[in-house]
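J.: Turn this into a structure:
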Amino acid sequence: MSTATAWSMLLVAGVLDVLWALSMKYADGYTRLGWSALSLVLLAAFVWLLGRSLSVLPVGTAYAVWTGIGAVGTVVAGALLFGESLGALRLAGVALVLAGIVLLKLAPA
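T.: As a prediction, the model looks like this:
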C-alpha cells in the first residue's frame, strides 16, 4: 500500500469516527436498535481502516491524527447538530488540535 493510500484510509477512518460518535448519541445509550447497529458497523469500519493505515504509517503520528480528526469533527458536528456551544475557548482548543495534526503530518517519521 502506498503512503498516499494509507493517509486516505486514515482520513476516512477519522470521518467514520465522527459518524460513530454521532450514531452513539442517536443510539441513546444503545436503546435504539437501528442507531445502535449502525454505531457498531461504523466502529468496525474505522478500526479496520485505522489498522490498515498503520501497516504503512508511524503509529504515534497516525493515532494522533486520527483522534484529532475525530475530536475536531465531533466538536463541530455537536455544535451544528445539537446546538452545543462553540465559545472562544472551545474554538481555541479546536485550533490547537488542528495545528497539532498539521505539525504531525509535516514532521519526518
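J.: what's the closest non-adjacent residue to the spatially most central residue of the chain?
T.: When Cα atoms, centre = their mean is applied to the chain, the residue found nearest the centroid is Gly70 (2.3 Å). Distances taken as Cβ to Cβ, 6 or more residues apart in numbering place Asp17 nearest to Gly70, at 3.7 Å, with adjacent residues excluded. Where C-beta positions appear, they are placed from N, C-alpha and C, glycine not excepted.
J.: The one you found reaches Val47, doesn't it?
T.: No: with contact defined as Cβ atoms under 8 Å, Asp17 does not reach Val47; the gap is 9.4 Å.
J.: Compare the two and say which is more crowded by neighbours.
T.: Asp17 (24 against 14; other Cβ atoms under 10 Å).
J.: tell me which element the more buried one is part of?
T.: Using DSSP states H and E, Asp17 sits in helix 3-27.
J.: So which bits of that helix are buried?
T.: By neighbour count on 16 or more other Cβ atoms under 10 Å, the buried set for helix 3-27 is 6-7, 9-10, 12-25, 27.
J.: by contact count, what packs against it?
T.: helix 33-53, helix 59-82 (3 or more Cβ pairs under 8 Å, 6 or more residues apart in numbering; DSSP states H and E).
J.: And the average pLDDT for that helix is what?
T.: For helix 3-27, mean pLDDT is 96.
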